[in-house]
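Peer 1: Sequence and predicted structure, then a few things I'm wondering about:
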Amino acid sequence: YAASAMGNIWKADLSNTDKWTSLNDDHRFGGVVMLRMITTSNGKRLIAAANGPTAVYYSDDFGITWQTATGLDGPKSWGGFKRACTDAKEQNIYLFGNEWNYDAADWRAVSTLYRSTDQGISFTNLGKWKESSDRDDLWLSRDTISPVFFLRGDSLFTVTANGTFNFINQLTYSTDVTGIGSITLVGTVKN
């Protein structure tokens with residue numbers, strides 16, 4: 001499976017990559033930040049988190065029909081995803097990005113974190129913060145069971161199973177971060 005810049009999801013057999021088939025000609029979604037095939041109790045589910053328009057789409061019939069996840073009205077109105085991650089058990093999906101605070105007294109972009117505990121059908125907001133998503137990021141291993149790490153500015157947290165944040169450490173930077181365009185959190189699990 002592959003996602004193209006113009007919003008198509010493509011499928012090919014690895015033994016014959018000369019023949020690609022588009023799975024969503026009638027319903028394209030661009031800016032795909034995550035494309036995953038996961039296993040559910042009913043079979044396989046194809047999940048695409050996209051920014052054009054901002055939504056999560058899923059298909060339980062290998063792309064013949066697509067459903068839109070619920071609970072993402074904030075980013076859908078105005079916003080986008082910087083990062084989308086699934087955990088190694090393929091049960092939880094995390095989305096991090098921006099949405100808009102429409103409060104007239106404090107009208108601006110806010111960073112936001114969402115989680116799905118039902119394999120991409122619905123999402124719940126875990127928090128919103130004043131700083132831009134360029135100063136925050138999210139990481140978890142998709143291959144090995146690991147904590148979910150959330151970097152908010154210079155503070156590192158883990159996200160618990162009940163959606164709360166445990167402070168891990170305050171980071172110190174060796175240089176002035178005001179000139180940094182965007183922070184990316186990366187990691188690995190070492191057994």
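Peer 2: Good, I have the coordinates. Residues are numbered from 1 along each chain as shown.
Peer 1: hey, where'd the helices end up in the protein?
Peer 2: 73-77 (DSSP state H).
Peer 1: Centre-most residue in it?
Peer 2: Note on the chain: the residue nearest the mean C-alpha position is A84, at 1.7 Å, using C-alpha atoms, centre = their mean.
Peer 1: That one against N51, yeah?
Peer 2: No - with contact defined as C-beta atoms under 8 Å, A84 does not count as touching N51 (10.0 Å). To be clear about C-beta, it is placed using only N, CA and C from the backbone, and glycine gets the same treatment.
Peer 1: Show me the common contact partners of the two, please.
Peer 2: Common neighbours of A84 and N51 are listed as V33 (criterion: C-beta atoms under 8 Å, 6 or more residues apart in numbering).
Peer 1: give me every residue that touches the residue nearest to the centre of the chain.
Peer 2: Applying C-beta under 8 Å, 6+ apart, the residues near A84 are V33, M34, A49, V56, I93, Y94, L95, F96.
Peer 1: Distance check, it against S122.
Peer 2: Using C-beta to C-beta, to the nearest Å, A84 is found at 15 Å from S122.
Peer 1: picking that back up, show me what the residue nearest to the centre of the chain is bridged to.
Peer 2: L95 (DSSP bridges).
Peer 1: now for stretch 55-68, what's the gap between its first and last residues?
Peer 2: Taking C-alpha to C-alpha, to the nearest Å, the first and last residues of stretch 55-68 lie 7 Å apart.
Peer 1: Which positions in it come out as buried?
Peer 2: A55, V56, Y57, Y58, S59, D60, G63, W66 (16 or more other C-beta atoms under 10 Å).
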